[in-house]
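Turn this into a structure:
(2 chains)
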Amino acid sequence: MNVLERVSRAPVNALELANILLTTSDASTGPSAREVIWTHRKVTLYRYRSSRRSYPVPLLLVFALINRPDIFDLRPGGSFVEFLLEEGFDVFLVDWGYPDEEDADTGLDDYVCDELPWAIRETLRASGADELTLVGWCIGATLCAMYCGLQDRAASTVRNLALLTMPIDGRGSTYARWVGDPAFDSDRVAAEWRVLPGPVVDFANKLLKPVTNFWTTYRRLGEQVVEGTARRELYQPMAKWVADNPNFPGRAWAQWIQLMYRDGSLASGLYTLRGARVDLRRIDQNLLVITASADHIAPRAGTLPILELVSSEDVTHFDRPGGHIGLIAGSAAKRQIWPDIASWLAERSGA
Amino acid sequence: MTENGTGTTPEEQVRALYEQSEVETARAMEELVGKASFGSLMAAGAENVAAMVRIGSDVADLVLRNLRLAGRADITRLARQLNRTEDKLERILQEVEALRDELRRAEASAAAETER
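Sure thing, here's the model as predicted:
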């Protein structure tokens, strides 16, 4: 294409780029059919029924508090849920919803001691199974690990525990340099803000890689439009998900800062919830830990201590190239990691 | 476009130069945001913004209250009461379900004994 052609196509390309960006929020996500099993406050438990269910042990997917769980079921052909259903798993998903000011007093203890056990209870009741597999991702994985390290009954109801890019000690991360200083009064910020607004959390996450997130992504998209290789069906669902940030309840956020970026008390076994110690050595389930080599949100070094702490006899660790989200939800995930996760689950989900 | 001695066009060279500078800038910015001093700046900024948001919210609520309209604080208070009610209902529901399960098990074992 010569310069004249490029100049003449510039208005068309600009229109297309603008159209992709402006219609991102209209992109459809969540292609898999699901039904509501249980609700409590803002929390909803969904069930995705497999037409070829082969395994009696259901999966319960648990995602982070700072993004939507839609990432598990992003787009047709790029949905982890869809893949699991095709593999024959009965899939449940707990959605934490969009907390608002009235949920400001919701803490990690509420998620770990109430919402998660209740979602597990409802999953077991709905599926008719005695045991399930917990699949946690990011903060969701930490909540699952805390539940298994806290609850005695977890031993009898959770058969398998899969932890995807999970932080348990973030003291070496960039976040720790931002909020780890005790001079930063996170309790006061939480009290004043009540809930950390989703866009603020999103901005902070993007600020970890400012040039990449605020410029390179859009520059690359622009280039793809010019070259005619832009694929809006891939770009838009992910961009929509990235921009869809629920609020972080103030109390839970302040607890998270203390636990993850100041004390490191989860890894050291000193963390307590409602007076009970969260002891990761209690984790004796079949354990799958997945880390991403280029994870800047939950750096690998902050996850690896779990391997030394648990008392599980069956421990598998996949360490793969990729980022915090891209590893599990990127366009290559379907080929590179989902089959490995499914085969790990299949071996441990029989009657 | 004519090729130069290196086998790449001037346009490709410019693009490579730009991409290299972008990578370098990205690295420098990541180093910058990773510094403790940047963290202190962020923390102080967050505290200030939170305080301003709170003041703005309180003022807006005061205005609405003086106009005898329900403000955000009133709606939040109501929603919290609904939350508490829902919590109680959930716990009652769980108790009822547990009792129902227990009754079912008792009935099943009684039926099994009668058959014997």
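
Checking my notes, residue A:288 in a strand, right?
Yes. Membership of residue A:288 in a strand is supported by DSSP: H, G, I helix; E, B strand; the rest coil.

need the residues of the stretch 201-350 of chain A near chain B, please.
The stretch 201-350 of chain A comes close to chain B at residues A:204, A:207-212, A:215-216, A:219, as judged by Cβ under 8 Å from any Cβ of the partner chain. Any C-beta I mention is one placed from the backbone N, CA and C, and that applies to glycine too.

Now a ChimeraX select for only the buried ones of those residues.
Typed into ChimeraX, the line below selects the buried ones among those, using 16 or more other Cβ atoms under 10 Å in any protein chain shown:
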select /A:204,207,208,209,210,211,212,216
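
Just send the residues of the stretch 201-350 of chain A next to chain B back as CSV, with secondary structure too.
Shown next, in CSV, are those (three-state DSSP):
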residue, secondary structure
A:204, helix
A:207, helix
A:208, coil
A:209, coil
A:210, helix
A:211, helix
A:212, helix
A:215, helix
A:216, helix
A:219, helix
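
Please, where are all the helices along chain B?
If DSSP state H is used as the criterion, the helices of chain B fall at B:10-33, B:36-66, B:72-115.

So residue A:165 is in contact with residue A:296, correct?
No. Using Cβ atoms under 8 Å as the test, residue A:165 is too far from residue A:296 to be in contact (10.7 Å).

higher neighbour count, the two?
Taking other Cβ atoms under 10 Å in any protein chain shown, residue A:165 and residue A:296 do not tie; residue A:165 has more neighbours (27 against 17).

which ones are touching the more buried one?
Residue A:165 makes contact with A:137-138, A:141, A:290-292, A:295, A:297-298, A:303, A:324-325, A:327-328 under the criterion Cβ atoms under 8 Å, 6 or more residues apart in numbering or on different chains.

out of the residues you listed, which are inside strands?
If you go by DSSP state E, the contacts of residue A:165 have A:137, A:290-292 in strands.

List just the nearest of those residues to chain B.
residue A:292 (16.9 Å; Cβ to the nearest Cβ).

Model confidence for the closest one, exactly?
Per-residue pLDDT puts residue A:292 at 94.

Tell me how many other residues surround the nearest residue to it once chain neighbours are set aside.
Nearest residue to residue A:292 in three dimensions, chain neighbours excluded: residue A:327, at 4.1 Å (Cβ to Cβ, 6 or more residues apart in numbering or on different chains). Residues lying near residue A:327 (other Cβ under 10 Å) number 24.

Assumed residue A:37 was part of a strand.
Yes. With three-state DSSP as the criterion, residue A:37 is assigned to a strand.

Surely it and residue A:48 touch.
No. Assessed by Cβ under 8 Å, residue A:37 is found out of contact with residue A:48, at 10.5 Å.

Adding distance to residue B:104, write the contacts of residue A:165 out as JSON lines.
As requested, the contacts of residue A:165 are arranged in JSON lines below (distance: Cβ to Cβ, whole Å):
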{"residue": "A:137", "distance to residue B:104": "36"}
{"residue": "A:138", "distance to residue B:104": "39"}
{"residue": "A:141", "distance to residue B:104": "35"}
{"residue": "A:290", "distance to residue B:104": "40"}
{"residue": "A:291", "distance to residue B:104": "45"}
{"residue": "A:292", "distance to residue B:104": "46"}
{"residue": "A:295", "distance to residue B:104": "47"}
{"residue": "A:297", "distance to residue B:104": "46"}
{"residue": "A:298", "distance to residue B:104": "44"}
{"residue": "A:303", "distance to residue B:104": "43"}
{"residue": "A:324", "distance to residue B:104": "45"}
{"residue": "A:325", "distance to residue B:104": "44"}
{"residue": "A:327", "distance to residue B:104": "45"}
{"residue": "A:328", "distance to residue B:104": "40"}
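
ok, of these, which one's closest to chain B?
Proximity of the contacts of residue A:165 to chain B (Cβ to the nearest Cβ) peaks at residue A:297, which lies at 13.2 Å.

what are the phi and psi angles of that closest one?
Main-chain dihedrals, residue A:297, degrees, to the nearest 10: phi -90, psi -50.

returning to that earlier point: more neighbours, residue A:37 and residue A:48?
Neighbours per residue (other Cβ under 10 Å) separate residue A:37 from residue A:48, with residue A:48 holding more: 23 against 18.

Now for the more buried one: which residues touch it?
If a contact means Cβ under 8 Å, 6+ apart, then residue A:48 has A:32-34, A:73, A:81, A:84-85, A:90-93 as its contacts.

for it, phi and psi?
Main-chain torsions, residue A:48, degrees, to the nearest 10: phi -110, psi 120.

Leaving aside the residues adjacent along the chain, what's closest to it?
In this structure, residue A:48 finds its nearest non-sequential neighbour in residue A:91, 4.3 Å apart by Cβ to Cβ, 6+ apart.

Reformat the helices of chain B as TSV; add distance to chain A and mean pLDDT.
TSV is the format used below for the helices of chain B (distance: least, Cβ to the nearest Cβ, whole Å; pLDDT from 0 to 100):
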stretch	distance to chain A	mean pLDDT
helix B:10-33	4	92
helix B:36-66	4	90
helix B:72-115	3	93
